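*Asks:* what would the 3D arrangement of this be:
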Amino acid sequence: MLTLVRGRDERLRNLMRGLARQSARPRELVIAWMQPEPARDLPDPGCPVQHLFVPGEPMPLAAARNRAAQAAGGDLLVFLDVDCIPGAGLAAAYARAAAGVDGLFLGEVLYLPPGCPPPGALDEADLDRLGRAHPARPPVPEAGIRPEPDPGQLWGLSFALPARAWRAVGGMDEAFAGYGGEETDLAARLSASGLPTFWVAGARAYHQHHPVHVPPLQHFEPILANAARFRARHGRWCMTYWLGQFRDAGLIAWDEGSDAIRLLRRPTGPEIAASLRPDALFS
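*Replies:* Numbers count the residues shown, from 1 in each chain. The predicted structure is shown next:
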């Protein structure tokens, strides 16, 4: 199990408590800290823990995932966002899927409302009752795995793949700086290498709530730069939903048939502040 952390101490503790409840014990937890010091008073996740430190600004998301993957000792890499609490069957479900076929495996993520779970409480029945599926995600199969024709469904909150497949494509492209695009680029390169994508039953995780920006204006410039990088490589756009929101706000001239994004203006400080939605579950 691999996770990246910057400043989310209690969320990491909940992730680790969730690992301690797994029906199949993970081989290890690799924590890539994007900060100078680790959090204190971390709980026992029921498996060995490796700590790595990956400096950089803006947040070195691709580099941190690469360092974590290099340090991992297992044949299957399971990436779980620090905001996510793994359901008790997550590790076992990914392991079963990988035992049957090579693939990029995607698990279900339910989004929790503000204040859930309360500190120290991990009642999975309550998490199931309160969690909401993302409206843009297809339903997971009731059992086994289901092929997903669109590798762009990869979302970095929860996914798994063979370590050899990660190494074969060189991991994540660290030229994607800041927020956005690096996961979709990885999925496209994995697909081009012949690795199929699957949804996995039982690999459920619960996303702990945090305020989101709608649209993500705080990441405006990295999203534009990374979308352009993706199009230059793959001949198509990614993050089109957010680009459309930026266009509709009068910030850019763009459509999916465009060769480039034309900057009209940058968002103002008040616009960025106004885009913050404390109670929204989805960005």
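
*Asks:* burial measure for residue 224, as a count.
*Replies:* The number of residues packed near residue 224 is 21, by other CB atoms under 10 Å. Yep, even glycine has a C-beta here, placed from its N, CA and C like the rest.

*Asks:* which residues does the residue lying closest to it once chain neighbours are set aside contact?
*Replies:* Leaving out its chain neighbours, the residue that sits closest to residue 224 by CB to CB, 6 or more residues apart in numbering is residue 261, at 5.6 Å. By CB atoms under 8 Å, 6 or more residues apart in numbering, the residues touching residue 261 are 224, 227, 228, 243, 252, 253, 254.

*Asks:* and the gap between the first one and residue 233?
*Replies:* In this structure, residue 224 and residue 233 are 15 Å apart, going by CB to CB, to the nearest Å.

*Asks:* output the contacts of residue 261 in CSV, with distance to residue 183 appended to each entry.
*Replies:* Shown next, in CSV, are the contacts of residue 261 (distance: CB to CB, whole Å):
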residue, distance to residue 183
224, 17
227, 13
228, 17
243, 16
252, 22
253, 26
254, 21
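
*Asks:* just the buried ones from the residues you listed?
*Replies:* 224, 227, 243, 252, 254 (16 or more other CB atoms under 10 Å).

*Asks:* need the residues you listed in CSV (columns: distance to residue 124).
*Replies:* Listed next are those as CSV, based on distance: CB to CB, whole Å:
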residue, distance to residue 124
224, 40
227, 37
243, 37
252, 43
254, 43
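
*Asks:* of these, which is the nearest to residue 137?
*Replies:* residue 243 (19.7 Å; CB to CB).

*Asks:* isn't there a helix covering that closest one?
*Replies:* Yes: assessed with DSSP: H, G, I helix; E, B strand; the rest coil, residue 243 lies in a helix.

*Asks:* now do the contacts for it.
*Replies:* Applying CB under 8 Å, 6+ apart, we find residue 243 in contact with 223, 224, 227, 237, 252, 254, 261.

*Asks:* out of those residues, which sit inside helices?
*Replies:* 223, 224, 227 (DSSP state H).

*Asks:* for residue 256, see how far away the last one is.
*Replies:* The one in question is residue 227. Counting by CB to CB - residue 227 and residue 256 are separated by 11 Å.

*Asks:* now the first one
*Replies:* When CB to CB is the yardstick, residue 223 and residue 256 sit 15 Å from each other.

*Asks:* so those two - more neighbours on which side?
*Replies:* A count of neighbours by other CB under 10 Å puts residue 223 above the other of residue 223 and residue 256, at 23 against 9.

*Asks:* now the more buried one: closest residue in space that isn't a chain neighbour?
*Replies:* Distances taken as CB to CB, 6+ apart put residue 180 closest to residue 223, at 4.5 Å, once the chain neighbours are dropped.

*Asks:* tell me the secondary structure for that neighbour?
*Replies:* coil.
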